[in-house]
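[1] A structural model of the following input is requested.
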Amino acid sequence: MFWKGRGRADAAAVVVPFDVDRRAVEAAKRDATAFDSLYRKYVAHIYSLALYETRDPHAAEDITEQVFLKALEGLPRFREQGHGGDSTFRVWLYAIARHVIANARRTQRRHPVAAIEAALGLHAADDPAAAAEARLEAERAWGAVMALPDDRRQALLLRFVNELSAREIGLVMGRSEGAVRVLIHRALATVRSQMAS
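    Have a look, this model is predicted:
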């Protein structure tokens with residue numbers, strides 16, 4: 001934050017919030033090699049989102065690479081927006097990720113490919129029966145999440161996997177904070193209902 005005003009009393013009245021990533025973004029705009037700090041800060045988050053959406057480590061790596069290439073390419077056009085001390089760069093990056101994932105999903109639907117892990121079947125475990133039961137339960141839960149409408153699934157993943165606030169998710173998805181809260185509530189209720197049946 002920086003202060004606007006002549007004296008301390010004036011300054012306290014007008015606080016201008018700024019993006020917590022402002023310095024790193026400005027440095028990266030001047031010198032592309034400085035983008036590395038933003039990449040290191042967010043790469044695990046973007047990869048995690050892509051992995052949860054695709055359930056394929058290779059596809060998640062490809063998506064992550066595309067997201068950061070698009071971000072680096074679009075950085076000169078990035079404009080800080082928003083209110084509060086949150087990162088609007090982070091919101092912008094997640095919006096890019098959301099679009100790249102949607103494109104990857106469309107491509108996947110047109111050209112489905114079975115993951116090799118699915119063909120390999122069971123993984124070794126100390127108690128195969130317990131491992132199989134746990135895997136079936138996890139698959140049911142994951143199936144319920146993946147069966148959600150796109151907007152509910154994305155809101156759920158952004159909230160609980162990537163730990164974005166409802167306001168940040170709203171900015172990423174182009175919805176109000178209240179609408180995001182409703183999406184998350186309905187998504188959780190649907191998953192709960194599916195797991196209970």
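
[2] for the chain, which helix is longest?
    Assignment by DSSP state H gives helix 88-110 as the longest helix of the chain.

[3] Now that helix: buried residues?
    88-94, 96-98, 100-101, 104 (16 or more other C-beta atoms under 10 Å). (C-beta placed from N, C-alpha, C; glycine too.)

[4] just how off-centre is that helix within its chain?
    9 Å (C-alpha atoms, centre = their mean, to the nearest Å).

[5] now do stretch 34-54
    With C-alpha atoms, centre = their mean, you get 9 Å for stretch 34-54.

[6] for that stretch, what is the average pLDDT?
    Stretch 34-54 shows a mean pLDDT of 92.

[7] Also stretch 96-103?
    On average, stretch 96-103 scores 93.

[8] Can you tell me what sits against the longest helix of the chain?
    19, 21, 24-25, 38, 42, 46, 49-50, 53-54, 59, 62-63, 66-67, 70-71, 74, 78, 80-82, 150, 154, 158, 162, 164, 168, 171-173 (C-beta atoms under 8 Å, 6 or more residues apart in numbering).

[9] 7 Å instead?
    19, 21, 25, 38, 42, 46, 49-50, 53-54, 59, 63, 66-67, 70-71, 78, 80-82, 154, 158, 164, 168, 171-172 (C-beta atoms under 7 Å, 6 or more residues apart in numbering).

[10] what two of the buried residues of helix 88-110 are the furthest from one another?
    Spatially, the most separated pair among the buried residues of helix 88-110 is 88 and 104, at 24.5 Å (C-beta to C-beta).

[11] on that earlier part again, of the contacts of helix 88-110, keep whichever come out buried.
    Members of the contacts of helix 88-110 classed as buried by 16+ other C-beta under 10 Å are 19, 21, 25, 38, 42, 46, 49-50, 53-54, 59, 63, 66-67, 71, 78, 82, 154, 158, 164, 168, 171-172.
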